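> My questions concern the predicted model and sequence given below.
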Amino acid sequence: MTDAPGERRRSPVTWLVPLVLVVVAAVGAVVLTRDPKQDPPAASTTTAPLLDPVAVDSDAPAYASLDELIAASDLIVRGRVTDTERGRWFGDGTSSARIQSRLVTLDVEEVLRGDAPDGELGTVLVEEEGWTADGAPLVVDGAAPSATGDEGIWFLVDPGDDTTDSLILVNAQGRYLVDGDHLTGAEGDDPLVADLSSLSEDELVAAIRG
């Protein structure tokens with residue numbers, strides 16, 4: 001899918017830089033009391049965070065309709081998270097906060113729009129904002145960290161970063177998890193998230209397919 005005029009894909013590095021600046025303000029006191037270059041406590045998944053989540057805002061674009069969200073996506077899938085692990089570091093810990101990404105392995109059950117990597121169903125690696133230098137998980141624009149067992153619908157884009165094969169969420173509007181008979185999106189007062197979360201999984205799938 002081509003970008004709209006004037007738009008360009010952002011790699012996870014540039015995608016995280018504005019967030020780094022926000023985190024400085026949100027957890028500056030914590031960062032200053034710890035060695036900013038010290039790795040977070042060893043852990044392979046997000047199932048047992050040691051610190052309370054830190055809520056931050058990003059500069060990701062917001063969309064007013066499902067059609068706009070679909071147009072912004074390279075790949076839309078229904079799937080299940082089978083694993084999460086710690087990924088790359090962003091920020092130097094001095095002039096900006098140091099943040100580690102989370103790598104999410106998504107087992108693709110169905111491709112709703114776009115082309116699956118390698119042209120077939122399988123797994124997709126998704127990179128998202130993960131932890132502060134102290135190991136506190138990040139909640140970005142109301143979107144909680146992904147966790148093993150999450151099932152739902154993901155709106156994904158290729159960040160255009162040659163150093164990784166991972167995809168990223170379009171924004172916090174781009175993930176809807178199955179919660180009983182309904183869907184759960186990012187927390188907050190976003191009108192589109194509220195509209196899509198009011199649908200069942202099958203209803204959202206039908207709306208995406210058009």
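Sure thing, it's come through.
> And the next helix or strand past the helix or strand of the chain with the lowest mean pLDDT?
Using mean pLDDT, DSSP states H and E, the weakest-scoring helix or strand in the chain turns out to be helix 12-32, at a mean of 42. Moving toward the C-terminus from helix 12-32, the next helix or strand (DSSP states H and E) is strand 54-56.
> Name the residues that touch the following helix or strand past that following strand?
Per DSSP H and E, the first helix or strand lying C-terminal to strand 54-56 is helix 66-72. Helix 66-72 has contacts (Cβ atoms under 8 Å, 6 or more residues apart in numbering) with 1, 4, 61, 63, 76, 113, 155, 157, 170, 173-174, 192, 195-196, 207-208. All C-beta atoms are positioned from the backbone trio N, CA, C, and that covers glycine.
> For residue 194, which non-adjacent residue is spatially closest?
residue 185 (7.7 Å; Cβ to Cβ, 6 or more residues apart in numbering).
> What score does that neighbour have for pLDDT?
Residue 185 is assigned a pLDDT of 98 by the prediction.
> any low-confidence regions in this structure?
1-50, 117-120 (pLDDT under 70).
> now the strands for it?
Applying DSSP state E to the chain gives strands spanning 54-56, 75-90, 99-114, 123-132, 138-140, 151-157, 168-169, 175-179, 182-184.
> I'd like those written out as TSV, with mean neighbour count added.
Listed next are these as TSV, based on neighbours: other Cβ atoms under 10 Å:
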stretch	mean neighbour count
strand 54-56	19
strand 75-90	19
strand 99-114	19
strand 123-132	23
strand 138-140	23
strand 151-157	22
strand 168-169	25
strand 175-179	19
strand 182-184	17
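> can you redo those as CSV with distance to residue 200?
Below are the strands of the chain laid out as CSV (distance: least, Cβ to Cβ, whole Å):
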stretch, distance to residue 200
strand 54-56, 28
strand 75-90, 12
strand 99-114, 15
strand 123-132, 23
strand 138-140, 25
strand 151-157, 11
strand 168-169, 21
strand 175-179, 9
strand 182-184, 6
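> which residues does the residue nearest to residue 194 contact?
143, 172-173, 175-177, 193-194, 196-197.
> which of those tops the neighbour count?
Sorting the contacts of residue 185 by how many neighbours each has (other Cβ atoms under 10 Å) puts residue 173 first, at 27 neighbours.
> Pretty sure it sits against residue 62.
Yes - look at residue 173 against residue 62 with Cβ atoms under 8 Å: they come within range, at 6.7 Å.
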